[in-house]
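A.B. asks: just to be clear, the model below is a prediction. Sequence and coordinates:
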Amino acid sequence: MAAGESATAGSGAPPRAVRRRVRLARGPLTIGEPAPAIEPRLAAGEPYRPDTIADGGTAFGLTVRAASVRGLHKRFVGGPRQDDLCLGLHSETQTLIAAVADGVSGAARSDLGAALAVRYATAAVTRQLDAHGDAAAVDWANAFDQAAWALISEGERTGVDAVSLATTLVVAVVSVGDSGAVSVHAAAVGDSPSFRLHGRHYDPVVDSRASEDGLIGGGVQALPRDARSVDVGTCALEPGDALLLCTDGVALPLAGGESELGRAFARELAIPPDVVDFARLLDFSRSTYDDDRTLVAVWAPRRP
Amino acid sequence: MKMRFPSNSPGNLDPPTAPLSLGDSGSEPTIPAPVAAPAGPELEASAAAASEPTTGSPAAGPAPTVIGQVLPMYFVGDESHSMAGDPIAAVNQGLIDLRDEVAKHPLIGKKVRFGIITFADTAETRLQLSELSEDLVLPTLAPRGRGTSYACALEALRQTIPADVALLKSSGYQVHRPSVFFLSDGQPTEKADKWRTRLEELKDPGFRERPNVLAFGVGDADPEVIRELATAPRYGFMMTTGASTAGAIAEFASSMLNSMVASAERLDRGEQTIEFEKPEGFVQLDAPLL
């Protein structure tokens, strides 16, 4: 597959010097009442699940930042991060593939489920692009089936019920056309949302279902069981817009962008922070929000 | 019927317009650097970022600012005379232990709101939905009245829960589906139609704030009735025959605490189910009774 190819392929202009403000020196972003400060416990377990992952770079003129941080609750009890993400590149179609998964916390090995789902879905989409070369024609049912299949076969291999690997999954392909136009096609199973950040506005890319009865919850759809309940959406990124894929550890306090966190993120993400700062930003402190958090942001190039 | 509902008084709920500090006041550097200030000359190149309004004071929009997520939980306890002595003492001690344990947990206390409703021939709200802090003054339950009216208890819930949820929401909280722990040592002393009507109202799918109900029978409670009260058969529990009522209540209280912790830990997904494990000395009523 093409995911391993150089990120500079097709990106055109040589890297230029950038200077950014650095959040590390300012400490974490605190919103409202801070969460308690605790020393995290290392997560034991197999496979290795680091507390925080952070990635980023440019490809095809897009700027990408991706991070996944363990929630305060897991840090408190020493549990593994159950969110995960994966990025892939397809040079021939100038397409970035991004996947984000949120392992269902009630499922014993959903950390593994999330890790498998993002990788298999990314690989499946990459293979499709190899085959037909059209990012607008991704067969999402196939991609989510393959991710679900990965969970089921892992369950069979290890003798556990695949339900214990349950995870949500959102996948997006971001393509840069010859004219420089950036188009997004996204699909999701479960409540991991995607937004287009346009100035201060968060426009949902894949419509998430409204919460039932005005209360949080209502059950969550997840792989492998709900592999056929794929919601899809599409949008264009204008210069400076960012596509955001996240898990509900971010989405809940974000509250559709109409929250202090929404305003803070819109401000901090107006230009891409550096990779480590992006992870630091995601690790914001806010009382009662202690779930794992994952965010992938993809910025369309600004006009020259 | 004597009922006291928390209609207007917010108890110790946070005030709706609590001032919010939006700032980079991290725990390490204690300098409350206002985010508002543009972060200096190192800003990349230019333009659009600088046009972002960065004032810290939010516009006076109508939508309440989200300030946290909470799980409302209610203990509904029998205060009829049959609870006199060790059983009611076990309830009171269990509530104290619950408060103390939750209050010292660094993460759970802020996410749970706990209320107490008791019933005998009437129902009373004995603790309005509150944060379980160390200094929370708990009521001391004591036997009272004549009779055991499930109808009053269920009606109290039906009226209290929507008011509490509305108040939490208007204060800026994202609210999870409430949970109820119902404990009784006897059988209702009213006509079955009366309490069943109230139960149907509480479980009605059209009732948006309908709670998850876990029901526990001790002493002379009727397992069939307990099973009916629970919103799912697996949420119904009956003390095993011959066990000590006070001992079973102590186990119940311990399980209620564990459930509170486990449920609040998993608020993330907001699943409709409530985390609960069968207490020692109880049988789960999800199988046909012999």
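C.D. replies: Noted; the coordinates are in hand.

A.B. asks: from now on I want contacts and neighbour counts done on CA atoms only, so please keep to that.
C.D. replies: Fine.

A.B. asks: just after whichever helix in chain A runs longest, pick out the following helix or strand.
C.D. replies: Taking residue count as the measure and DSSP state H as the definition, the longest helix of chain A comes out as helix A:110-132. Note on helix A:110-132: by DSSP states H and E, the next helix or strand toward the C-terminus is helix A:140-158.

A.B. asks: what packs against that next one?
C.D. replies: helix A:110-132 (3 or more CA pairs under 8 Å, 6 or more residues apart in numbering or on different chains; DSSP states H and E).

A.B. asks: which elements pack onto the helix it packs on?
C.D. replies: Against helix A:110-132 (3+ CA pairs under 8 Å, 6+ apart) you get strand A:83-90, strand A:95-102, helix A:140-158, strand A:169-176.

A.B. asks: what about the third one, distance to the chain center?
C.D. replies: Using CA atoms, centre = their mean, to the nearest Å, the distance from the centre of helix A:140-158 to the centre of the chain it belongs to is 19 Å.

A.B. asks: return that helix as CSV; C-alpha atoms alone will do.
C.D. replies: Listed in CSV are the C-alpha atoms of helix A:140-158, where the atom choice follows Å, rounded to 0.1, in the frame of the first residue of the first chain:
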residue,chain,number,x,y,z
TRP,A,140,-17.4,2.6,3.0
ALA,A,141,-19.3,-0.6,3.6
ASN,A,142,-16.3,-2.6,2.5
ALA,A,143,-13.9,-0.5,4.6
PHE,A,144,-16.0,-0.9,7.7
ASP,A,145,-16.6,-4.6,7.0
GLN,A,146,-12.9,-5.1,6.9
ALA,A,147,-12.3,-3.3,10.2
ALA,A,148,-15.1,-5.4,11.7
TRP,A,149,-13.6,-8.5,10.3
ALA,A,150,-10.3,-7.6,11.9
LEU,A,151,-12.0,-7.5,15.3
ILE,A,152,-13.9,-10.8,14.7
SER,A,153,-10.8,-12.6,13.6
GLU,A,154,-8.8,-11.3,16.5
GLY,A,155,-11.5,-12.5,18.8
GLU,A,156,-11.4,-16.0,17.1
ARG,A,157,-7.6,-16.0,17.3
THR,A,158,-7.5,-15.3,21.0
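
A.B. asks: which residues sit against that helix?
C.D. replies: Under the criterion CA atoms under 8 Å, 6 or more residues apart in numbering or on different chains, residues A:113, A:116-122, A:124-125, A:161-162, A:165-166, A:187, A:223-225, A:227-228, A:230 lie in contact with helix A:140-158.

A.B. asks: give me that answer again for 6 Å
C.D. replies: With CA atoms under 6 Å, 6 or more residues apart in numbering or on different chains as the test, helix A:140-158 has contacts from A:117, A:120-121, A:124, A:161-162, A:223-224, A:227.

A.B. asks: same check, this time on the first one
C.D. replies: With CA under 6 Å, 6+ apart as the test, strand A:83-90 has contacts from A:2-3, A:95-103, A:114-115, A:118-119.

A.B. asks: what of the last one?
C.D. replies: Where contact means CA under 6 Å, 6+ apart, the residues beyond strand A:169-176 that reach it are A:94-101, A:182-189.

A.B. asks: the stretch 151-300 of chain A: helices as residue ranges?
C.D. replies: Across the stretch 151-300 of chain A, reading from the start of the chain, the helices by DSSP state H, counting those that start in this stretch fall at A:248-254, A:260-268, A:275-282.

A.B. asks: which one of the helices and strands packed on helix A:110-132 lies nearest to B:Asp78?
C.D. replies: Go through these one by one with CA to CA and the one that ends up closest to B:Asp78 is strand A:95-102, at 41.4 Å.

A.B. asks: now do A:Val220, the pLDDT please.
C.D. replies: You'll see A:Val220 listed with a pLDDT of 79.

A.B. asks: wait, a helix at A:Asp55?
C.D. replies: No. Looking at A:Asp55 with DSSP: H, G, I helix; E, B strand; the rest coil, it is strand, so not inside a helix.

A.B. asks: A:Val64 is in contact with that one, correct?
C.D. replies: No. Contact between A:Asp55 and A:Val64 fails when scored by CA atoms under 6 Å: they sit 8.0 Å apart.

A.B. asks: ok, these two, which is more surrounded?
C.D. replies: It is A:Val64, of A:Asp55 and A:Val64, that has more neighbours when counted by other CA atoms under 10 Å in any protein chain shown, with 24 against 18.

A.B. asks: what strand or helix carries A:Gly79?
C.D. replies: No secondary structure element spans A:Gly79, as it lies outside all helices and strands (assigned by DSSP H and E).

A.B. asks: any idea how many residues pack against the closest residue in space to A:Leu254 that isn't next to it in sequence?
C.D. replies: Leaving aside its chain neighbours, A:Leu254 sits nearest to A:Gly262 (5.1 Å; criterion: CA to CA, 6 or more residues apart in numbering or on different chains). With neighbours defined by other CA under 10 Å, the count for A:Gly262 comes to 20.

A.B. asks: do the same with B:Gly186
C.D. replies: Taking other CA under 10 Å as the criterion, the count of residues near B:Gly186 is 19.

A.B. asks: how near is it to B:Val218?
C.D. replies: As defined by CA to CA, to the nearest Å, B:Gly186 lies at a distance of 7 Å from B:Val218.

A.B. asks: coming back round to it: now the helices of the stretch 151-300 of chain A in TSV, with mean pLDDT?
C.D. replies: Listed next are those as TSV, based on pLDDT from 0 to 100:
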stretch	mean pLDDT
helix A:248-254	93
helix A:260-268	94
helix A:275-282	94
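
A.B. asks: how much space between the residue with the largest distance to the centre of chain A and chain B?
C.D. replies: When distances are taken from the C-alpha mean of chain A, A:Gly159 lies farthest, 29.1 Å away, according to CA atoms, centre = their mean. In this structure, A:Gly159 and chain B are 25 Å apart, going by CA to the nearest CA, to the nearest Å.
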